[in-house]
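Chemist: Got a predicted structure plus its sequence, pasted below:
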Amino acid sequence: MYKKILLPIDFDALEMGERSITAAKALTKENQQTKLRLINVQAIMPASVLGYLPPNFDEALQNDCEKKLSEISKGTTFPAEALSTSVRYGAIYREVLAEAEDWGADLIIVGSHKPGVWTYLLGSNAAAIVRYAKCSVLVIR
């Protein structure tokens with residue numbers, strides 16, 4: 001059914017990522033050719049903070065994120081050749097949508113927090129992904 005599934009992973013809410021992976025497994029039972037990409041988006045550091053960070057901070061952050069995504073992908077039952085990872089920097093929903101378009105995803109499975117006051121005031125990344133995605137989106141609560 002789906003050939004490429006993109007799964008945004010929030011390291012601060014891994015239980016949502018696990019639920020998203022479970023949903024991806026259920027959707028790909030019949031199609032062993034499906035590819036899965038785990039993506040993590042990190043915020044860009046403000047210029048005022050950069051002077052206080054070690055010189056190799058960007059490289060260390062990139063390596064740490066890649067390591068965490070690799071550990072998560074090893075914990076799935078997907079074959080290694082069907083899994084890939086990506087770390088991007090910027091606004092979460094924009095980078096997820098850009099990755100989906102660049103990679104050619106036909107489904108994004110995104111976890112969503114229970115709505116709160118801050119969600120109504122600021123909006124949520126899941127809502128923006130649903131609103132602007134050019135492919136199907138499955139929201140997992």
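Modeler: Right, received. Where do you want to start?

Chemist: quick one: the helices in this structure?
Modeler: Using DSSP state H, the helices found in the chain span residues 14-28, 47-50, 57-74, 92-103, 117-122, 125-132.

Chemist: looking at these, which is closest to residue 109?
Modeler: Set against residue 109 and scored by C-beta to C-beta, those come closest in helix 14-28, at 4.5 Å. (Each C-beta comes from the backbone N, C-alpha and C, glycine too.)

Chemist: Quick check, residue 77 in contact with residue 25.
Modeler: Yes: counting by C-beta atoms under 8 Å, residue 77 sits close enough to residue 25 to count as a contact (6.7 Å).

Chemist: Pick out whichever of the two has more residues nearby.
Modeler: Neighbour count, other C-beta atoms under 10 Å: between residue 77 and residue 25, residue 25 has more, with 14 against 6.

Chemist: Quick check: which ranges of the protein have low pLDDT?
Modeler: 113-123 (pLDDT under 70).

Chemist: Looking at the helices of the chain, which is nearest to residue 82?
Modeler: Smallest distance to residue 82 across the helices of the chain (C-beta to C-beta): 8.5 Å, for helix 14-28.

Chemist: most remote residue from this protein's center?
Modeler: residue 51 (28.7 Å; C-alpha atoms, centre = their mean).

Chemist: circling back to that earlier point, nearest to residue 3, of the helices of the chain?
Modeler: Closest among those, using C-beta to C-beta: helix 14-28, at 9.7 Å.

Chemist: Tell me which other helices or strands the closest one touches.
Modeler: Counting contacts by 3 or more C-beta pairs under 8 Å, 6 or more residues apart in numbering; DSSP states H and E, helix 14-28 packs against strand 4-8, strand 35-42, helix 57-74, strand 107-111, strand 136-140.

Chemist: got TSV for those, with mean neighbour count and distance to residue 94 too?
Modeler: Formatted as TSV, the helices and strands packed on helix 14-28 follow (neighbours: other C-beta atoms under 10 Å; distance: least, C-beta to C-beta, whole Å):
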stretch	mean neighbour count	distance to residue 94
strand 4-8	25	12
strand 35-42	22	9
helix 57-74	14	17
strand 107-111	24	13
strand 136-140	16	15
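
Chemist: Having no further points to raise, I will conclude here.
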